[in-house]
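Engineer: Sequence first, predicted coordinates after that:
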Amino acid sequence: MNVGRVKLYDADHEILHLLSGKNIDVAITVANDEISGIAANQHLADQWVYEHVLAHYPNTRIRFVLVGNEVLSSTGTAQDLQIARDLVPAIRRIKNTIKAQGIRNIKVGTPLAMDMMETTFPPSNGSFKPEIREFMVPLLKYVNGTRSFFFLDVYPYFAWSESRAENHTGISLDFALLRSGNETYTDPATGLVYTDLLDQMLDSVVYAMAKLGYDDVMLAIGETGWPHEGDSDEYGASRENAAEFNNNLIKKMTGVPSTGTPARPGMIIPTFIFSMYDENQKYGPATERHWGLLNPDGSPVYQVNMTGKGIPSD
């Protein structure tokens, strides 16, 4: 599979060694339960970077260090709140260690889920939930000041399926699958025209950031995709739809020049598709286990063209 980027949800030494010498940009992740310790102790940050970055860089092309995963999705307990408060200090310590080594091409950030949003529609009405704004402002200040990326885990499938559950018509499948040109939506406040749901969701975050005083932060997609199988009541989860969404996504994100979004035309958006393999031991609905591009034996679940130059036929 001809991929340009790979995201790891840890910093596994064996995998990083296997990626050595490959022409692949790599994102590695600091675990949520390591955040508070690193935030409180520069030595722990130094140790983490030495063990997981410097042990492999530059032979392995580590380009992103992601501190935590969807940290602001859980703020219900005292421990969750402490991790949320420690997030930016931990990011800063990791970045300081990397910078002290003279490395300038590794971006440090954190991926956040769309459940951080209070409103997303229309896009110009996008706003963050009040309870996380105290964490969002220092994060945006840091990301903007270091020219890093604001990483989003954004899934049009869930927005589409939720709208269908609330309203049997809801958002059209064409709009969710990025079938550009089949349907448009005009934001009444801005007059911007949207041809797909992904752009709507991304721009809702753009406007939410602008409301906090940050209108020029770069975006990256830490996760997106479409399930290729689901339970009988999980409509739209199919190999055909997953293949179409991901192929349309790749064409969209690899286009030259970059199209960006209506609110950010021309913006380059680094994007990671979730996921490489199915997670067959995960609990919950069938869609939780069926996002993979590959079967366990490495064969493709469906055809995806990672170059974006054409959608392969079955």
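Structural biologist: Cool, got the structure. Residues are numbered from 1 along each chain as shown.

Engineer: Low-confidence bits of this structure, can you list those?
Structural biologist: The model of the chain has pLDDT under 70 over residues 1, 167-169, 308-314.

Engineer: The most centrally placed residue in it in helix, strand or coil?
Structural biologist: The centre of the chain sits closest to Gly222, judged by Cα atoms, centre = their mean, with a distance of 1.8 Å. Using DSSP: H, G, I helix; E, B strand; the rest coil, the structure places Gly222 in strand.

Engineer: longest helix anywhere in the chain?
Structural biologist: helix 78-100 (DSSP state H).

Engineer: phi, psi of Glu34?
Structural biologist: For Glu34, the backbone dihedrals (degrees, to the nearest 10) come out as phi -100, psi -10.

Engineer: Check whether it really touches Ala45, as I assumed.
Structural biologist: No. With contact defined as Cβ atoms under 8 Å, Glu34 does not reach Ala45; the gap is 9.7 Å. C-betas here are computed from N, CA, C, even on glycine.

Engineer: So those two - more neighbours on which side?
Structural biologist: Set Glu34 next to Ala45 and count neighbours by other Cβ atoms under 10 Å: Ala45 wins out with 26 against 17.

Engineer: how about the helices in the stretch 201-314 of the chain?
Structural biologist: Per DSSP state H, counting those that start in this stretch, the stretch 201-314 of the chain carries helices over the ranges 239-253.

Engineer: how close does the residue nearest to the centre of the chain sit to Met114?
Structural biologist: Using Cβ to Cβ, to the nearest Å, one gets 11 Å for the distance from Gly222 to Met114.

Engineer: which residues do these two both contact?
Structural biologist: Listed as contacting both Gly222 and Met114 by Cβ atoms under 8 Å, 6 or more residues apart in numbering are 152-153.

Engineer: about what we covered before: residues bridging contact with Glu34 and Ala45, i.e. touching both?
Structural biologist: Joint contacts of Glu34 and Ala45 (Cβ under 8 Å, 6+ apart) are Ala90.

Engineer: Please spell out which residue in this protein sits farthest from the middle.
Structural biologist: No residue in the chain sits farther from the centre than His43, which is 29.0 Å out by Cα atoms, centre = their mean.

Engineer: which parts of whatever helix or strand that residue lives in are buried?
Structural biologist: Using DSSP states H and E, His43 sits within helix 42-49. Across helix 42-49, burial judged by 16 or more other Cβ atoms under 10 Å covers 44-46, 48-49.

Engineer: likewise stretch 220-236?
Structural biologist: Quick answer for stretch 220-236 (16+ other Cβ under 10 Å): 220-230, 234, 236.

Engineer: Keeping just the C-alphas, turn stretch 150-166 into PDB.
Structural biologist: Output in PDB follows, covering the C-alpha atoms of stretch 150-166 (Å, rounded to 0.1, in the frame of the first residue of the first chain):
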ATOM      1  CA  PHE A 150      -4.900  21.700  15.300                       C
ATOM      2  CA  PHE A 151      -5.600  18.000  14.900                       C
ATOM      3  CA  LEU A 152      -9.200  16.900  14.500                       C
ATOM      4  CA  ASP A 153     -10.800  13.500  14.600                       C
ATOM      5  CA  VAL A 154     -13.700  14.100  12.200                       C
ATOM      6  CA  TYR A 155     -16.200  11.500  10.900                       C
ATOM      7  CA  PRO A 156     -18.900  12.500   8.400                       C
ATOM      8  CA  TYR A 157     -20.300   9.000   8.800                       C
ATOM      9  CA  PHE A 158     -21.400   9.700  12.400                       C
ATOM     10  CA  ALA A 159     -22.800  13.100  11.600                       C
ATOM     11  CA  TRP A 160     -24.700  11.600   8.700                       C
ATOM     12  CA  SER A 161     -26.000   8.600  10.600                       C
ATOM     13  CA  GLU A 162     -27.000  10.800  13.600                       C
ATOM     14  CA  SER A 163     -29.000  13.100  11.300                       C
ATOM     15  CA  ARG A 164     -30.700  10.100   9.700                       C
ATOM     16  CA  ALA A 165     -31.700   8.800  13.100                       C
ATOM     17  CA  GLU A 166     -33.200  12.200  14.100                       C
END
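
Engineer: How about that stretch, which residues are buried there?
Structural biologist: Residues of stretch 150-166 classed as buried: 150-161, 163-164 (neighbour count, 16+ other Cβ under 10 Å).

Engineer: Quick check: of those, which lies closest to His13?
Structural biologist: The closest of the buried residues of stretch 150-166 to His13 turns out to be Phe151 (Cβ to Cβ; 23.3 Å).

Engineer: Dihedrals phi and psi, that closest one?
Structural biologist: Dihedral pair for Phe151: phi -90, psi 130, per degrees, to the nearest 10.

Engineer: List the contacts of it.
Structural biologist: Going by Cβ under 8 Å, 6+ apart, Phe151 touches 66, 109-112, 220-222.

Engineer: can you put these in CSV and add distance to Val301?
Structural biologist: Below are the contacts of Phe151 laid out as CSV (distance: Cβ to Cβ, whole Å):
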residue, distance to Val301
Leu66, 25
Gly109, 29
Thr110, 29
Pro111, 24
Leu112, 28
Ala220, 25
Ile221, 20
Gly222, 21
